[in-house]
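Return atomic coordinates for the entry below.
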Amino acid sequence: MTEKELARLAGVSPSTVSKAFSDAKDVSESTKEKIFKIAREYGCFGKYHKGKYTKRVIAIICPELISGHYGMLTDTLRTILEKNGCIAVISSFDFNFRKQAELIEYYASYLKVDGIFVFHMYNAPKKGYEIPIIGLYSDGNDGIDEISLDFRTPIKEAIDRLYGLGHRSFAFLGEELTQPKAQYFRAALEDYGDVSSYVFTSKHRFEQAGEDGVEALMKDFPKVTALVCAYDYIAIGAIKELQNRGLKIPEDVSVLGTDNLSIGRYTELSSIDATPREVCLTAWDLMEKKLENKFFKSLQKIVIKGSVIFRRSVSEAKNRQ
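Numbering: from 1, shown residues only. Sure, this is the predicted structure:
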């Protein structure tokens, strides 16, 4: 690609493109970043780069951006990167791990970014990658540093609190991507021999999964008094459907979500805080050490514990017939 073609794509003059790659002071940082982004996308950044532009480029490969959880984590990480003088480039692999591997290869070998953050990294990175790769929520992947979140402990803490409030009929609503949380829910109830429980896995996601779950509950487990949802959107859908059926929150059913999205503060939804800032700051701290010293090899497996935030959606149990 010529500088003239690059200029046309960026909506600037060829002379501006030349000045940008020379780090000229009369070209704004935003214009430079726009030109460099397009140049990287078309694989010609190295062709024109004069070696004076010092910002590091870090790729973030996330499962999806539509969900509040991953959107919140990705945006927090992006903000931290930009605050530390980096440029963040973001891609989604849509829970397709073949696509995830292709994106890692693309950023590492073709765009030659300075570092990569990967959510739920499925396979160990190929040998020969010299750039640092850090996994987020990539439990048990040998060969990379990993930052994971402990949901097991806060789910157990939530169940203990609900049990202490008199609840004996527990249900969990999730979907196909939230099976680990369902397992944590089952394990948390093992200490109690006088409880009944129900687990529903929806074929849908987000609020629709909550609505489906309540429909199943009312048919199969109508005496439920404590409802744990795999994430906040499911909880919001469940609350709406419970209210449509004449049940009150929390008088009839206490509801707990996961992720502690900002909407929870306005809906009084109890939730498990995924501590996105702590996760992202820890990940950046590792990345920065690797960027500063290419011989830094830690292979750390860092686990950060979530915490339970109780709001008005949880209260003492009321016996339901």
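
make it CA atoms for all contacts and neighbour counts henceforth
Noted.

Now residue 111: closest residue in space that isn't a chain neighbour?
Nearest residue to residue 111, sequence neighbours excluded (C-alpha to C-alpha, 6 or more residues apart in numbering): residue 40, at 6.0 Å.

For residue 215, list the residues it contacts.
Going by C-alpha atoms under 8 Å, 6 or more residues apart in numbering, residue 215 touches residue 241.

after the helix or strand harbouring it comes which helix or strand?
Assessed by DSSP states H and E, residue 215 sits inside helix 206-220. Using DSSP H and E, the next helix or strand after helix 206-220 towards the C-terminus is strand 226-229.

List the strands paired with that next one, with their directions.
strand 169-175 (parallel), strand 254-259 (parallel) (DSSP bridges).

Can you name the element that comes right after the longest one?
Proceeding C-terminally, strand 169-175 gives way to helix 179-188 as the next helix or strand, assigned by DSSP H and E.

Tell me the buried residues in that following helix?
Across helix 179-188, burial judged by 16 or more other C-alpha atoms under 10 Å covers 181, 182, 184, 185, 186, 188.

Please tell me how far residue 43 sits from residue 104.
Going from residue 43 to residue 104 by C-alpha to C-alpha, to the nearest Å gives 15 Å.

Of these two, give the one with the bigger neighbour count.
residue 104 (22 against 14; other C-alpha atoms under 10 Å).

can you confirm the more buried one is in a helix?
Yes. Assigned with DSSP: H, G, I helix; E, B strand; the rest coil, residue 104 falls within a helix.

mind listing the strands in the protein by residue range?
Ranges of strands within the chain are 56-62, 86-92, 115-119, 133-136, 145-150, 169-175, 196-202, 226-229, 254-259, 270-273, 301-305, 307-309, based on DSSP state E.

Give the pairing partners of the fourth one; include direction for each.
Pairing partners of strand 133-136, with direction, according to DSSP bridges: strand 115-119 (parallel), strand 145-150 (parallel).

What average pLDDT does that strand get?
Throughout strand 133-136, pLDDT has a mean value of 92.

Give me the contact list for that strand.
115-121, 144-148, 283, 286-287.

Between the residues you listed, which sits nearest residue 161?
Within the contacts of strand 133-136, proximity to residue 161 (C-alpha to C-alpha) peaks at residue 148, which comes in at 24.3 Å.
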